[in-house]
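Student: how would this look folded up:
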Amino acid sequence: MRYDEFLARVRERGEYTSQDEAAKMTEAVLEVLAQRISPGEVDDLAAQLPGDLGPMLSKAKAQHAESFGLEQFYERVGERTGARPRTAQWDASAVLSTLAESVSGGELNQILSQLPSGYAVLFGKPELAD
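Tutor: Numbers count the residues shown, from 1 in each chain. Predicted coordinates for the structure are as follows:
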């Protein structure tokens, strides 16, 4: 998937008014994801993302994966976007379900294996959630 196609899908799913807004949401969500998964997994994921998303994700990675739940994930996204947690949940779902379509199945499984099952819904994989 190309970068512009990725953003177009995020824009459509998130019902954003512009590509710029979709890009802002994508960056915020991926920055938080980069803190939640291992640095090695961030690198693996970055290698599969189109355009500027890979370098942006690599830049956001932490020294060590942080352990935080879904509600804190939404709070962190909301801090970056100025959104309430419920809106941040919508934003995260728009970005992560698009991400799930743009990476290999093996890569998606590696990401999901590092997250509690509740995160699976955000990636469009509700069958993997408790």
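
Student: which stretches of this structure have low pLDDT?
Tutor: 126-130 (pLDDT under 70).

Student: how does it look with 50?
Tutor: Across the chain, nothing is flagged by pLDDT under 50.

Student: secondary structure element for residue 71?
Tutor: Counting by DSSP states H and E, the element that carries residue 71 is helix 70-81.

Student: which secondary structure elements does that helix contact?
Tutor: Using 3 or more CB pairs under 8 Å, 6 or more residues apart in numbering; DSSP states H and E, the elements in contact with helix 70-81 are helix 19-36, helix 85-102. (Glycine included, C-beta is placed from N, CA and C.)

Student: ends of stretch 57-65, what's the gap?
Tutor: In stretch 57-65, first residue to last residue: 14 Å (CA to CA, to the nearest Å).

Student: buried stuff in that stretch?
Tutor: Residues of stretch 57-65 classed as buried by neighbour count (16 or more other CB atoms under 10 Å): 57-58, 60-61, 65.

Student: over to stretch 85-102?
Tutor: Those would be 85, 87-100, 102, for stretch 85-102 by 16+ other CB under 10 Å.
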